[in-house]
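Asks: When you get a sec, could you give me coordinates for this:
(chains A, B, C and D)
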2 protein chains.
Amino acid sequence: MPHYERVEKVRLLVVDDDPPIADLVATVARYEGWQAITANSGEEALRLAAEFHPDIVVLDLMLPDVDGFGVLDRLRGAGTMVPVVFLTARDGVADRVAGLTRGGDDYLVKPFAVEELMARLRTVLRRSAGPGFQRSVLRVADLMMDEDTREVRRGDKLLTLTPTEYEVLRYLMRKSPTVLTKAQILDHVWEYGFGGRSNVVELVVSRLRRKLDDTGTPLIHTVRGFGYVIRQAAE
Amino acid sequence: MPHYERVEKVRLLVVDDDPPIADLVATVARYEGWQAITANSGEEALRLAAEFHPDIVVLDLMLPDVDGFGVLDRLRGAGTMVPVVFLTARDGVADRVAGLTRGGDDYLVKPFAVEELMARLRTVLRRSAGPGFQRSVLRVADLMMDEDTREVRRGDKLLTLTPTEYEVLRYLMRKSPTVLTKAQILDHVWEYGFGGRSNVVELVVSRLRRKLDDTGTPLIHTVRGFGYVIRQAAE
DNA sequence: CCGCAGCTGTCAAAAAGCTGTCGTAGATCT
DNA sequence: AGATCTACGACAGCTTTTTGACAGCTGCGG
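Replies: Reported below is the predicted structural model:
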């Protein structure tokens, strides 16, 4: 039983017959500092899994040859206990997949938001790292976000965020003190293929500010002509 | 996990000729921090038992070679007193098994719910730990659940819960203060293979709330767009 | 002091969640 | 065995929350 440590790069295998999607995921993962490879078919996936020894697998259920379940079976049959996160279309199979989260594996419905996928991968990795895994808590100045309890506090004031607000804030906090463009935020937090041509990001940031900058000094800063950062008052 | 204290890892051997089921159980156990291995036949089970020295065994009755009872006999014949939890199909043999569960053994009918199986394993382990074993009591604020007597109290008011309500509540309490999605609850509390397409979880939560939040402050909180938690209301 | 990026109020549609009602099936009692 | 009771979950109506389009306003930077 491999033991997954944070010290080494996480090894991710992405299996999806749609190359753009597979690449999207792989790219984001690499950007996180992970080592990622992609497979576009079940056979290829099995071959790559055997030689690459991934720590975690993202697996589309609809593959041209062997289907997702088949791949899973054969992975397990080969004695690999590598955790798997499934991707499925909104319809149909979702039910069948649902049963799989039990094992600690997880699943996500297409189209998904990249940050959501990454969050799940991190969670699954954290859990599979064995017992006594610690809570994941993000901090920026006196702002705190507990990813397990979904509790967000500014100082000791508890904040109530909507799902979208939560996701945007998490992304900002994760990347802090890096400045993110609105496009990056849109691409990571909203489902890929989102049609929102309007000012959604500004809108959500505005709402976030009202909730969290109400008390104390502003934490979310606008970088005019570029994007947003969250950090303790800069320069 | 907050409510489970044990210094050494529990060693679990899962014996089932259906690999997905065996893996399911093993994976869930590992997530509890246990050490788990699987066997897909009676012979393999006996071999593994000899070298692995499990603390507890999950044993399917219908095996290709030696049947479950045979495995049990040979285990006992070898002088092992390791407690066994049997898995059986809904029909037939159930009665015979009942007779065989002497001592600390137990059995469960397929398809089972993961949380139910884990609960039984914990109970059997606790009992087999010798005399003066400790009661298992879960507490969240003034809510108390005794897993041995199945007694649930809010303050000193005794609550009467249906089986499903009890299971959902137990799962929530065990994981408290982590927020659980409806899918997680469904997957852990309902039998595997349940095609829950409706709002069962919401329904049970609704009924639970009526029973336990009637007195005092609400304990089960909705995290809109995500799931449910049970915990003392955070300020 | 101008212009444009950014901010925010308003609103309606859609999503998510809650709960009452009811039929079925299994358990329990007589 | 038959009658009765209980638990469960399908379904549907209703309420609340969230979201994003739109549009007008603000204020920064030059």
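Asks: rest of the way, CA atoms for contacts and neighbours
Replies: OK.
Asks: Isn't residue A:89 up against residue A:107?
Replies: No - at 10.7 Å, residue A:89 does not count as touching residue A:107 under the criterion of CA atoms under 8 Å.
Asks: Who has more neighbours out of those two?
Replies: Comparing residue A:89 with residue A:107 by other CA atoms under 10 Å in any protein chain shown, the one with more neighbours is residue A:107, at 24 against 15.
Asks: and chain A, which of its residues are near DNA strand D?
Replies: By CA under 7 Å from any atom of the strand, the part of chain A that sits against DNA strand D consists of A:161-165, A:195-200, A:203, A:224.
Asks: overlap between those residues and the residues near DNA strand C?
Replies: The overlap between the residues of chain A next to DNA strand D and the neighbourhood of DNA strand C (criterion: CA under 7 Å from any atom of the strand) consists of A:199, A:203, A:224.
Asks: on that earlier part again, for the residues of chain A next to DNA strand D, give me a markdown table that also has neighbour count.
Replies: Output for those, formatted as a markdown table (neighbours: other CA atoms under 10 Å in any protein chain shown):
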| residue | neighbour count |
| --- | --- |
| A:161 | 19 |
| A:162 | 15 |
| A:163 | 13 |
| A:164 | 15 |
| A:165 | 20 |
| A:195 | 8 |
| A:196 | 10 |
| A:197 | 6 |
| A:198 | 8 |
| A:199 | 9 |
| A:200 | 13 |
| A:203 | 12 |
| A:224 | 7 |
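Asks: can you redo those as CSV with secondary structure and pLDDT?
Replies: Shown next, in CSV, are these (DSSP: H, G, I helix; E, B strand; the rest coil; pLDDT from 0 to 100):
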residue, secondary structure, pLDDT
A:161, coil, 97
A:162, coil, 97
A:163, helix, 97
A:164, helix, 97
A:165, helix, 97
A:195, coil, 72
A:196, coil, 63
A:197, coil, 70
A:198, coil, 77
A:199, coil, 91
A:200, helix, 95
A:203, helix, 96
A:224, coil, 93
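Asks: Quick check, central residue of chain A?
Replies: The structure's chain A has its C-alpha centroid closest to residue A:118; by CA atoms, centre = their mean the separation is 1.6 Å.
Asks: any idea which element it lies in?
Replies: Secondary-structure assignment from DSSP states H and E places residue A:118 in helix A:114-128.
Asks: does residue A:64 sit in a helix, a strand or a coil?
Replies: Assigned with DSSP: H, G, I helix; E, B strand; the rest coil, residue A:64 falls in the coil class.
Asks: Could you measure from the residue nearest to it when sequence neighbours are not counted over to residue A:47?
Replies: If you skip the residues right next to it in sequence, residue A:64 has residue A:41 as its closest partner in space, 6.4 Å away by CA to CA, 6 or more residues apart in numbering or on different chains. Residue A:41 sits at a distance of 10 Å from residue A:47 (criterion: CA to CA, to the nearest Å).
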